[in-house]
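**Student:** Compute the structure for the input listed below.
(4 chains)
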2 protein chains.
Amino acid sequence: MSGKPTGPGPGKRVRLKDVAERAGVAVNTASTILNRRPNSWASEATVERVFAAAEALGYRPNRAAVALQSGRFQSIGLLVADLNNPYFTHVASLFGEAVETLGYDLVIESWRTDLEREKKLLQDFAERNVDGVLAFVSDVGAHHEIFRNQAAAGVPFVALGMPGAGEVPVDLVMPDFAPGLAEAAAALHADGHRRFAMLDARSRGQRAGRRPAIFEENVSSLDGATLETLHCGPAIDEARQAMAPVLARPDRPTAVVALNDLTAIGVMRAAIDAGLKVPGDLSVVGIDGVPMAAHLPVSLSTIAQPHAGMVARAVEFLMSRIEGIDDAPRRAEFPTTFIARESSGPAPGN
Amino acid sequence: MSGKPTGPGPGKRVRLKDVAERAGVAVNTASTILNRRPNSWASEATVERVFAAAEALGYRPNRAAVALQSGRFQSIGLLVADLNNPYFTHVASLFGEAVETLGYDLVIESWRTDLEREKKLLQDFAERNVDGVLAFVSDVGAHHEIFRNQAAAGVPFVALGMPGAGEVPVDLVMPDFAPGLAEAAAALHADGHRRFAMLDARSRGQRAGRRPAIFEENVSSLDGATLETLHCGPAIDEARQAMAPVLARPDRPTAVVALNDLTAIGVMRAAIDAGLKVPGDLSVVGIDGVPMAAHLPVSLSTIAQPHAGMVARAVEFLMSRIEGIDDAPRRAEFPTTFIARESSGPAPGN
DNA sequence: TCGCCTTCAAGAATCGTTTCATGATTGGCT
DNA sequence: AGCCAATCATGAAACGATTCTTGAAGGCGA
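**Tutor:** Okay, the predicted model is just below:
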């Protein structure tokens, strides 16, 4: 590349200095004006000239310089579990829209079910130069220490997703699965289902999943109903494989709540593999309520989260932290609802 | 760790200066050593001390400062059409892995089928501070001017996806749909299909889509086969709606090639809506070959792109540009292949 | 012993922007 | 007239790294 050291050559990026020169003012004046800083009252004419110059030259601030000086990086990090899960991409695109209107970039990383990687990325993100971090974590409790460090380091942080044990020093936005699970349990029971199964994440250590615990409670309060909890990974084929032996049993469950909408597709597929009809032989319920679920060949009943509301709240939390609010950690729980579609229905024999 | 050398308070980020101080060297020495710059021969002992200090203090360079000084931003932009399309997210996650190992962040934006927005984002990305841009574009020809500007501005740029008219001054990585479409046409014809339909993007201006043109040629070379081209948007429900009237006709097509795997799901759903069986009454073929397609209730026949290879090549192109290679624009086409699964089969009556 | 080269490290300029503190006008008021 | 506030604009010091240039030791041959 033919570097031209002196003067703004044709291929050179236009600097604030160039704008200032063209407008006949000093760089700091131009800076003040372009940033619409409130305390300085430049004359109408000067403002006009500076904006005109910036426009004419097609000025774009050098973000690195801005970041270095002001500490504002104009980018926020999003940590998701898995980009191949439509839930995360749906939410990611909502976040993308939200922060774009606020002038931020979204840097996306995914941890792909690896807890060590999750920890590393979480740590990285906070040490990296971003203005804030939105992170889906598998278990907020597991990252207590990281969160404490972040809180200490002053990196705005909002954790999304699974609640965990104990208090954490960061804002939390999460779904409350209780209502949705209760509705689903009731609806399925009313449809004659008695043998329930629920998929849970592949067990991490000895800790029991939270959703199975809630669902267990729901199910056990229903006449003659039983629940078995199965574990599988987050990929669609893992759910398919995990269900295969279960569906081969004569006393197989007649209703399954999957890990999420994606794995619900795997469950449906496993039913087909086993020669079972959905919902005739097996009712399948997803979790998340991604848009795609409504358009599947057998549309998916699901326990839906209020995505838009959660995203809006998370962004609100994060932005307030970025603005410097220093309240106590906030926590927002959003109730889920059961949406009955074609994949669930009367139990066999009803 | 009671490491409190001096100065840096508890909430303060550790700077290179702190590392240098602790190691008892000057900042530039520390910089040279940590960056393993070749021309400087620091003594073994000094190197040791500097690395130890960096480790002990948990030093992370301030990327803004690095970027400002060196012009390396350590991030690359990825422009995709739609984060809700599993194809793009699959590819995005592949890109994410690839660039992560190279030490880059991925900034993702999506244009959501809006051509104006696509242009704006493309322009933005190039003016933004990234080391390079990977962009899925709807039609490379439509962005000729932007590409020329980028080439002039020296922003490394690789365009992905749809080929278009004419030569463009950027590297191009794209699928060659011809083989896959030919295989699909042949396979479907052998299965007795005669009335084909193909979904194409909602027409932009008067230009005919490229894939329909290729497929038209394939189909017309087959005995008694006809093709009709339909247009729809990229969302799953748009395909579903677009197919509804077509499938209601008595002379409806018996085989449909969708816009992509996502819309193929919508087509399958439309078939169900119309009381048709897949593949009994209607064969459905997707395009892309996303992982999920193999695990759908009716697994999806599809024209698959070699994702990994394409991603690797695109990254290779981009990195070589970032390193300063200034060759003529390169162009790589990757042949697609037809993967027959359950969603396609003998035509009705065969 | 002197000078020179080699080896190592430090000094200082620089990137483009923000922001604090300072300076130059003007004009209203007594 | 003289003074003090406003009002508007500038000078210059950061921010944290890289990199070019200069300098101080130590080792060697002459």
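
**Student:** ok and the residue in chain A nearest DNA strand C?
**Tutor:** Going by CB to the nearest atom of the strand, DNA strand C is nearest to A:Asn28 of chain A, at 2.6 Å. Where you see a C-beta, it was placed from the backbone N, CA and C, and this is true even at glycine.

**Student:** Quick one: residues contacting the one residue in the stretch 101-250 of chain A that gets nearest to DNA strand D.
**Tutor:** Using CB to the nearest atom of the strand, the closest approach of the stretch 101-250 of chain A to DNA strand D is made by A:Asn129 at 9.7 Å. Neighbour list for A:Asn129: A:Ala67, A:Phe73, B:Asn62, B:Arg63, B:Ala64 [criterion: CB atoms under 8 Å, 6 or more residues apart in numbering or on different chains].

**Student:** ok but the residue of chain A closest to DNA strand C is inside a helix, no?
**Tutor:** Yes. Assessed by DSSP: H, G, I helix; E, B strand; the rest coil, A:Asn28 belongs to a helix.

**Student:** residues near it, how many?
**Tutor:** 11 (other CB atoms under 10 Å in any protein chain shown).

**Student:** Equivalent analysis for A:Leu188, please.
**Tutor:** Neighbours of A:Leu188 (other CB under 10 Å): 29.

**Student:** host element of it?
**Tutor:** If you go by DSSP states H and E, A:Leu188 is part of helix A:177-190.

**Student:** What parts of the stretch 251-350 of chain A come near chain B?
**Tutor:** Applying CB under 8 Å from any CB of the partner chain, we find that the stretch 251-350 of chain A lies next to chain B at A:262, A:265-266, A:268-269, A:272, A:278, A:291-292, A:294-299.

**Student:** For the residue nearest to A:Pro61 when sequence neighbours are not counted, which residues are in contact?
**Tutor:** Distances taken as CB to CB, 6 or more residues apart in numbering or on different chains place A:Leu16 nearest to A:Pro61, at 6.9 Å, with adjacent residues excluded. Contacts here follow CB under 8 Å, 6+ apart; on that basis A:Leu16 touches A:Val27, A:Ala30, A:Ser31, A:Leu34, A:Tyr59, A:Pro61.

**Student:** Looking at those residues, which is nearest B:Ser343?
**Tutor:** A:Pro61 (50.7 Å; CB to CB).

**Student:** Is the closest one part of a helix or strand, or is it coil?
**Tutor:** Going by three-state DSSP: A:Pro61 is coil.

**Student:** Touching, A:Asn216 and A:Leu227? I think so.
**Tutor:** For residue A:216 the amino acid is Glu, not Asn. Yes. A:Glu216 is in contact with A:Leu227 according to CB atoms under 8 Å; the separation is 5.3 Å.

**Student:** Which secondary structure elements does the lowest-mean-pLDDT helix or strand in chain A sit against?
**Tutor:** Least confident element among the helices and strands of chain A, by mean pLDDT, DSSP states H and E: helix A:144-153 (a mean of 75). Counting contacts by 3 or more CB pairs under 8 Å, 6 or more residues apart in numbering or on different chains; DSSP states H and E, helix A:144-153 is packed against helix A:115-127, strand A:157-161.

**Student:** The same query, at a cut-off of 6 Å, please.
**Tutor:** Taking 3 or more CB pairs under 6 Å, 6 or more residues apart in numbering or on different chains; DSSP states H and E as contact, the helices and strands that helix A:144-153 lies on are helix A:115-127.

**Student:** just to revisit the earlier point, with respect to DNA strand D, which of the residues of the stretch 251-350 of chain A next to chain B is nearest?
**Tutor:** Nearest to DNA strand D among those, with distances taken as CB to the nearest atom of the strand, is A:Leu262, at 40.5 Å.

**Student:** wouldn't the closest one be in contact with A:Asn85 here?
**Tutor:** Yes. Look at A:Leu262 against A:Asn85 with CB atoms under 6 Å: they come within range, at 5.0 Å.

**Student:** Kindly provide the distance from the residue of chain A closest to DNA strand C to A:Phe88.
**Tutor:** The gap separating A:Asn28 from A:Phe88 is 43 Å, by CB to CB, to the nearest Å.

**Student:** if we can go back for a sec, ok, and for the least confident helix or strand of chain A, which residues are buried?
**Tutor:** A:His144, A:Ile146, A:Phe147, A:Asn149, A:Gln150, A:Ala151 (16 or more other CB atoms under 10 Å in any protein chain shown).

**Student:** Check the offset of it from the chain's centre.
**Tutor:** 20 Å (CA atoms, centre = their mean, to the nearest Å).
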